[in-house]
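Visitor: Could you work out the structure for the sequence below:
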Amino acid sequence: MTRISFDAPFRLLGSSWTLFINGLDINQDLYFEANAKRFLLSDPGANFEELGFISPVAGKRLAFHFDLDRIPSSVTAFSFQVSARAQAHV
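Guide: Residues are numbered from 1 along each chain as shown. Now for the predicted structure:
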């Protein structure tokens, strides 16, 4: 399992991995950004078809499968951002 420390670079090994985000509440959002496009991953109705290489883990909120072999060559970097709404704290 891959562990991510925010604000720290990391290298992914293997062709697929699963990311679990724990501790976010309903007032916090998880964004994924690639090539200046932002996607709200924490939206229960999020459409993952446009990304093509990310899919939600069935039955697990804020858990995602990433297929690194399916990332388009135009994507040179991607990032995650946790954002709090006015009444929440990160």
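Visitor: CA atoms for contacts and neighbours, from now on please.
Guide: Noted.
Visitor: what's across from the spatially most central residue of the chain in the sheet?
Guide: By CA atoms, centre = their mean, the chain has its centre lying nearest to Phe32, at 4.8 Å. For Phe32, the beta-bridge partners are Phe39, Phe80 (DSSP bridges).
Visitor: pLDDT wise, what is it at?
Guide: Per-residue confidence (pLDDT) for Phe32: 91.
Visitor: That one is in contact with Phe80, isn't it?
Guide: Yes. Counting by CA atoms under 8 Å, Phe32 touches Phe80, with 4.6 Å between them.
Visitor: And for Leu41, the neighbour number?
Guide: Using other CA atoms under 10 Å, Leu41 has 24 neighbouring residues.
Visitor: what's the answer for the one 10 residues further on, then?
Guide: A count of nearby residues for Leu51, using other CA under 10 Å, gives 13.
Visitor: what are the phi and psi values for Ser42?
Guide: Backbone torsions for Ser42, taken as degrees, to the nearest 10, come to phi -80, psi 0.
Visitor: which residues touch the closest residue to it other than its chain neighbours?
Guide: The spatial neighbour of Ser42 that comes closest, neighbours along the chain excluded (CA to CA, 6 or more residues apart in numbering), is Leu30 at 5.2 Å. By CA atoms under 8 Å, 6 or more residues apart in numbering, the contact set of Leu30 is Leu40, Leu41, Ser42, Phe80, Gln81, Val82, Ser83.
Visitor: Return the member of those residues nearest to Pro56.
Guide: Each of these was scored against Pro56 by CA to CA, and Leu41 proved nearest at 8.8 Å.
Visitor: I figured that closest one was touching Glu33, is that so?
Guide: No. Leu41 lies out of contact with Glu33 (CA under 8 Å); the separation is 9.9 Å.
Visitor: and the host helix or strand of Val82, average pLDDT?
Guide: Val82 belongs to strand 78-84 when elements are defined using DSSP states H and E. Averaged over strand 78-84, pLDDT sits at 86.
Visitor: re the thing from before, secondary structure class for the residue nearest to Ser42?
Guide: strand (DSSP: H, G, I helix; E, B strand; the rest coil).
Visitor: Right, I'll call it a day here.
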